[in-house]
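Colleague: Sequence first, predicted model second:
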Amino acid sequence: MFPRHWAQVKLRRPAARLHPSRLTIESHGRQYELGGFLTEEERRGLALRLQRHIGRIK
């Protein structure tokens, strides 16, 4: 879907305190959200694992 060299993993803070964070993979103005069904802890863990394999987390 995205060239690995250009892809970035981003874990975005929630807009409101009770809302979940958003985990995305982004490249060239496109993004794909992952893990919407995961808990916050699981989403953070997935973000770290993806970052090691794909790219930086911001």
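Modeller: Arrived safely, thanks for sending.
Colleague: Settle this for me: Pro3 is touching Arg30, isn't it.
Modeller: No. At 11.0 Å, Pro3 and Arg30 do not qualify as touching, with contact defined as Cβ atoms under 8 Å. C-beta here means a position set from N, CA and C on the backbone, and glycine is covered the same way.
Colleague: Can you list the buried residues in stretch 10-24?
Modeller: Buried residues in stretch 10-24, counted by 16 or more other Cβ atoms under 10 Å: Lys10, Leu11, Ser21, Arg22, Leu23, Thr24.
Colleague: neighbouring contacts of it?
Modeller: 9, 25-26, 31-36, 38, 40, 43-44, 46-47, 50, 57-58 (Cβ atoms under 8 Å, 6 or more residues apart in numbering).
Colleague: Give me the more crowded residue out of Pro3 and Arg30.
Modeller: Each of Pro3 and Arg30 has its neighbours counted (other Cβ atoms under 10 Å); Arg30 has more, 11 against 8.
Colleague: Quick check on that one: phi, psi?
Modeller: phi -110, psi 150 (degrees, to the nearest 10).
Colleague: any idea how far the residue nearest to it when sequence neighbours are not counted lies from Glu41?
Modeller: Leaving aside its chain neighbours, Arg30 sits nearest to Phe2 (7.2 Å; criterion: Cβ to Cβ, 6 or more residues apart in numbering). According to Cβ to Cβ, to the nearest Å, Phe2 stands 25 Å off from Glu41.
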